[in-house]
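> Take a look and give me a structure for this.
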Amino acid sequence: MRPTGYSLWLITGLIAIALVWPDLEVWLYLIGATAAFYLVDALLAYGQSAVNVTRTVPLNLSVNREAKVTIDVHNPQRRKLRLFVQDELPQFTNAPASKRHIELAPMNHAAMNYGLRPVRRGDGQFGAVSLLIESPFRLWELRRRKPIKNEIRVYPDFAAISQYLELNSDQRSRRLGLKVKPRRGEGMEFHELKEYHPNDGIRAIDWKATARRRTLISRQYTVERDQRVVFLLDSGARMRAKDGTLSHFDHALNAMLLLSHVALRQGDTVAAKIFGPTKLWLSELRGVGAMTHLLNTVYATHTGPQTADFVSAAQELMQQQRKRSLVVLMTNLREEDRDLIPALQLLRRRHVVMLASLRESVVDDVLAEPAMSFDEALNVAGASRYLGQRNMSQTAFAQDAHLLIDCVPTQLPMALVNSYWQLKSAGTL
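Numbers count the residues shown, from 1 in each chain. Below is the predicted model:
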């Protein structure tokens, strides 16, 4: 308990009276009355400390997405209550105003709402709710802590997946700029018979069905199911670079989750290997329901300060995944990453390799802006030189991968899905 500003003003007033009116008897009466007043107010403050507090917060949150937190305060007494309420936030979260002043009528409730925005994935836990209760005559402030522990899980942002699910198959193809052409052969399977269209081609005509119905009938094929997609995700120091509010690793994780959902919906299996300072192996998952297991396994993984070893990761994957698969390797390539070439060559012996390299968006931003000063011209020249060297090294890596993606992090989710459909439609898997 501590005195309030009102209490200090009262004491100051008493001192002033003592200086103006130095009568000892009157002064003793004032001191006694004031002390009794302070004591009664303190006792009343302790009597009204029985406040009930509950906190409501979603168990699962998404990084950089605001969630609503509600603190309910109940006054079980028959007198008005004034207090300050402040919440103890979990690590890696922030809230603009988690401290509020509340006035509670007798036997009444009041709710304090605020927005909580996690800035990092992983597990978190709220601390206590701190109360600063004012005494009835506002001479004292009584501090109380209500230990209410709420655990939360902060998952990757699902915005990309949600946007994708809003589209049907035709809309998806148009949005991604794909022209999925049915074809016969490896990678395609029969779907249904339909009336012939000139765009189907002569080879698509089913002559037996045409003879029976006496009109041209063609076979429609769909992409073959029951294939395998394996993700190789770099957790090395280079993936810690920030691009916007997220790291390159977070962008890659979001892309992996989107493509995993797409592949699982197509009947393919999904496996994931995180290599580097953080190591994780998740064997083949099947069915859309497996997304829950995938999320709960990878949501708290993070990068480390060491550089990842591509060759060791490739050797381990060759042992862990013996069936032919689409291997999606996600990293941030540099010219000095020459150990990636033998890793790609090893993976190509059995698998189809899609290499996805994240490019810093700041490079594109510098090149997009006109140079208006000498310093800006130097920045543009430096960015052009860096991008030219990067393109040369990418060409060398592309020779040992079936498909190379080089894009800024925000473009990676749709770029992976686009490339996945192209490989499936072409029967490459």
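> For the rest of this, base every contact and every neighbour count on C-alpha atoms.
Fine.
> Listing request: residues of the stretch 51-200 of the chain with sub-threshold pLDDT.
For the stretch 51-200 of the chain, residues meeting the criterion pLDDT under 70 lie at 97, 159-192.
> could you pull out the helices for it?
159-165, 169-176 (DSSP state H, counting those that start in this stretch).
> ok, now the stretch 251-400 of the chain?
With helices called from DSSP H, counting those that start in this stretch, the stretch 251-400 of the chain shows them at 290-298, 310-320, 340-348, 361-368, 374-398.
> highest average neighbour count across the ones you listed?
Greatest average neighbour count among those goes to helix 340-348 (a mean of 18), per mean count of other C-alpha atoms under 10 Å.
> quick one: that one to helix 310-320, angle?
Helix 340-348 runs at 10 degrees relative to helix 310-320, counting by axes from the mean of the first three to the mean of the last three C-alpha atoms, to 10 degrees.
> pLDDT on helix 340-348, on average?
Averaging pLDDT along helix 340-348 yields 94.
> Just the CA coordinates for that helix, please, in CSV.
Taking Å, rounded to 0.1, in the frame of the first residue of the first chain, the C-alpha atoms of helix 340-348 are listed here in CSV:
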residue,chain,number,x,y,z
LEU,A,340,24.7,-27.0,-52.8
ILE,A,341,25.7,-28.4,-56.2
PRO,A,342,26.8,-31.9,-55.0
ALA,A,343,23.7,-31.9,-52.8
LEU,A,344,21.4,-31.2,-55.8
GLN,A,345,23.2,-33.8,-57.9
LEU,A,346,22.7,-36.4,-55.1
LEU,A,347,19.0,-35.6,-54.8
ARG,A,348,18.4,-35.7,-58.6
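> residues making contact with that helix?
For helix 340-348, the external contacting residues (C-alpha atoms under 8 Å, 6 or more residues apart in numbering) are 310, 311, 312, 313, 314, 315, 318, 353, 397, 400, 401.
> least confident pick among those?
Note: of the contacts of helix 340-348, the lowest pLDDT belongs to residue 397, at 82.
> For residue 92, give its distance to residue 124.
Remark: distance between residue 92 and residue 124 (C-alpha to C-alpha, to the nearest Å) = 8 Å.
> Compare the two (neighbour count), which wins?
residue 124 (19 against 15; other C-alpha atoms under 10 Å).
> So which of the helices of the stretch 251-400 of the chain is nearest residue 53?
With respect to residue 53, and counting by C-alpha to C-alpha, the nearest of those is helix 290-298 at 30.6 Å.
> Could you export the closest one as PDB, CA atoms only?
Output in PDB follows, covering the C-alpha atoms of helix 290-298 (Å, rounded to 0.1, in the frame of the first residue of the first chain):
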ATOM      1  CA  ALA A 290      -2.900 -34.100 -41.400                       C
ATOM      2  CA  MET A 291      -2.500 -30.300 -41.600                       C
ATOM      3  CA  THR A 292      -3.200 -30.000 -37.900                       C
ATOM      4  CA  HIS A 293      -0.400 -32.400 -37.100                       C
ATOM      5  CA  LEU A 294       1.900 -30.500 -39.500                       C
ATOM      6  CA  LEU A 295       1.100 -27.200 -37.900                       C
ATOM      7  CA  ASN A 296       1.500 -28.400 -34.300                       C
ATOM      8  CA  THR A 297       4.900 -29.900 -35.200                       C
ATOM      9  CA  VAL A 298       6.500 -26.900 -37.000                       C
END
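> For the remainder of this discussion, apply numbering that starts at 31.
Sounds good: first residue 31 from here, last item helix 320-328.
> could you say what helices and strands that helix packs with?
With contacts taken as 3 or more C-alpha pairs under 8 Å, 6 or more residues apart in numbering; DSSP states H and E, helix 320-328 sits against helix 278-295.
> Quick one: neighbours of residue 312, just the number.
Using other C-alpha under 10 Å, residue 312 has 17 other residues around it.
> Same question for residue 388.
Burial measure for residue 388: 22 neighbouring residues, criterion other C-alpha under 10 Å.
> ok, and the closest non-adjacent residue to it?
residue 362 (4.9 Å; C-alpha to C-alpha, 6 or more residues apart in numbering).
> mind checking pLDDT for that neighbour?
Looking at residue 362, the pLDDT reads 89.
> which residue sits closest to residue 329, ignoring its sequence neighbours?
Nearest one to residue 329, counting by C-alpha to C-alpha, 6+ apart, is residue 185 at 5.3 Å.
> so the one you found makes contact with residue 94?
No. Residue 185 is beyond contact range of residue 94, at 9.8 Å (criterion: C-alpha atoms under 8 Å).
> mind listing what residue 42 touches?
Taking C-alpha under 8 Å, 6+ apart, we find residue 42 in contact with no residue.
> sorry, back to before: I'd say the residue nearest to residue 388 and residue 270 touch.
No. Counting by C-alpha under 8 Å, residue 362 stays clear of residue 270, with 10.0 Å between them.
> Looking at those two, which one has more neighbours?
residue 362 (22 against 18).
> Can you tell me how far that one is from residue 267?
10 Å.
> ok, now residue 148?
Going from residue 148 to residue 267 by C-alpha to C-alpha gives 22 Å.
> Tell me which of these two has more neighbours.
Set side by side, residue 148 and residue 267 show more neighbours around residue 148, with 23 against 17, by other C-alpha under 10 Å.
> Isn't that one up against residue 96?
Yes. The pair residue 148 / residue 96 is scored as a contact, 7.3 Å apart, by C-alpha under 8 Å.
> ok, residue 40 - contacts?
No contacts exist for residue 40 under C-alpha under 8 Å, 6+ apart.
> Let me know the helix or strand that it is in.
Applying DSSP states H and E as the criterion places residue 40 in helix 35-50.
> buried stuff in whichever helix or strand comes after that helix?
Helices and strands here follow DSSP H and E; after helix 35-50, the next one along the chain is helix 54-77. Neighbour counts over helix 54-77 (16 or more other C-alpha atoms under 10 Å) mark 57, 68, 71, 72, 75 as buried.
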